[in-house]
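Asks: Sharing a sequence plus its predicted fold:
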Amino acid sequence: MSNSASTNTSIQYAANLYNVREVTLHGTADLSFWRAVLETEGLLPYHEANEAVLLLSAIDAKWRGLRFKEFVIGVGVCNTEDGTSLDGYYLPRAFNSSKLLAFSERVFFKTPYFQRDIRLQNRIPAFIKLQDKTEVILHAEMSIPDTPPIVEYLEWRGPIFLPNKRGKFFAILAGEAEIYPFSSEVDTFDIRPSADHKVFQQLIESNFTGSVWALRSKSRHAKSKTYRRDFG
């Protein structure tokens, strides 16, 4: 799990959320698979130990009095061929529990948000569950850990690239995190293909594997408006 500090003084953040509850599962997947996907988007993958780096993150937050939940999938990208620095994320799909907010994201920010039922718990045993009507598309859940977490303040600032080269926005993700290792033997990770959202089939085909959990109770999430790809 890496952090990159990217600043641009001209960025204005359209939304600033505080005291966000968050569950993030960081993981890896087949590098050649995601290299091919990102190539069509004009992007290069960030990688560690010859594996692409991804995150699956769910939050519970409040914006202008409206409480909502959100689930996003991010693929780490790098500005150079060597893939050694986490310079941004590619956002193939995102979901919001609010139909209004999902619609607003698509219309005003050009982001790939859709309304779905999202559940999360950011205390032990933490979990993320994404549901489409009665079908659970993704379920990730921690077991009870044997060891205490590593507690660390994490902050990442940088661009989030949208599918089909529609542009990018800038984000800040910051806050103290409890970090636990992911265990494929005792933790749960179930995922099913979705006819409406090919990213889940991509996660299956690229053999996504969890590496660490990060739990935050009072994190900050900020995002800018959507800019052209050549901005900044």
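Replies: On my side now, so go ahead.

Asks: The helix or strand where V53 lies: partners in the sheet, and parallel or antiparallel?
Replies: Assigning secondary structure by DSSP states H and E places V53 in strand 51-63. Based on DSSP bridges, the strands next to strand 51-63 in the sheet, each with its direction, are strand 13-30 (antiparallel), strand 47-48 (antiparallel), strand 66-78 (antiparallel).

Asks: okay, the ones you listed, which one's buried deepest?
Replies: Using mean count of other CB atoms under 10 Å, the stretch among those with the largest mean neighbour count is strand 66-78, at a mean of 21. Every C-beta, even on glycine, is put in place using the N, C-alpha and C of the backbone.

Asks: I73 and P112 touch, don't they?
Replies: No. Taking CB atoms under 8 Å as the definition, I73 is not a contact partner of P112, at 9.7 Å.

Asks: In the chain, which helix is the longest?
Replies: Among the segments of the chain that qualify as a helix by DSSP state H, the longest is helix 99-109.

Asks: which residues sit against that one?
Replies: Outside of helix 99-109, the residues within contact range by CB atoms under 8 Å, 6 or more residues apart in numbering are 63, 66, 68, 94-96, 111-115, 169, 225-226.

Asks: Over to the residue lying farthest from the centre of the chain: give its phi and psi.
Replies: With distances taken from the mean C-alpha point of the chain and given as CA atoms, centre = their mean, the most distant residue is D146, at 26.4 Å. When quoted as degrees, to the nearest 10, the phi and psi of D146 stand at phi -90, psi -20.

Asks: And the one 10 residues further on, by the same measure?
Replies: In this entry, W156 is assigned phi and psi values of phi -130, psi 130 (degrees, to the nearest 10).

Asks: so what pLDDT did it get?
Replies: Per-residue confidence at W156 stands at 96 (pLDDT).

Asks: before we move on, what about S183?
Replies: S183 carries a pLDDT score of 96 in this model.

Asks: can I assume V37 sits in a strand?
Replies: No. With DSSP: H, G, I helix; E, B strand; the rest coil as the criterion, V37 is assigned helix and is not in a strand.

Asks: any idea how far it lies from L86?
Replies: From V37 over to L86 the distance is 17 Å, taken as CB to CB, to the nearest Å.

Asks: Who has more neighbours out of these two?
Replies: Here V37 and L86 are compared on neighbour count by other CB atoms under 10 Å; more neighbours surround L86, at 21 against 18.

Asks: Surely that one is in contact with C78?
Replies: Yes. L86 lies in contact with C78 (CB under 8 Å); the separation is 7.0 Å.

Asks: what do those two both touch?
Replies: Shared contacts of L86 and C78 (CB under 8 Å, 6+ apart): Y46.

Asks: can you give me the helices in the protein?
Replies: Taking DSSP H as the criterion, the chain carries its helices at 31-39, 99-109, 199-205.

Asks: Lowest mean pLDDT across the ones you listed, which one is that?
Replies: It's helix 99-109: among the helices of the chain, that one has the lowest mean pLDDT, namely a mean of 94.

Asks: Just the C-alpha atoms of that helix, please, in PDB.
Replies: Extracted as PDB, the C-alpha positions of helix 99-109 are listed here (Å, rounded to 0.1, in the frame of the first residue of the first chain):
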ATOM      1  CA  LYS A  99     -30.200   7.500  -6.400                       C
ATOM      2  CA  LEU A 100     -30.100  11.300  -6.400                       C
ATOM      3  CA  LEU A 101     -26.300  11.500  -5.700                       C
ATOM      4  CA  ALA A 102     -25.500   8.700  -8.200                       C
ATOM      5  CA  PHE A 103     -27.500  10.600 -10.900                       C
ATOM      6  CA  SER A 104     -25.800  13.900 -10.000                       C
ATOM      7  CA  GLU A 105     -22.400  12.300 -10.200                       C
ATOM      8  CA  ARG A 106     -23.100  11.000 -13.700                       C
ATOM      9  CA  VAL A 107     -24.600  14.200 -15.000                       C
ATOM     10  CA  PHE A 108     -22.500  16.900 -13.400                       C
ATOM     11  CA  PHE A 109     -19.200  15.200 -12.900                       C
END
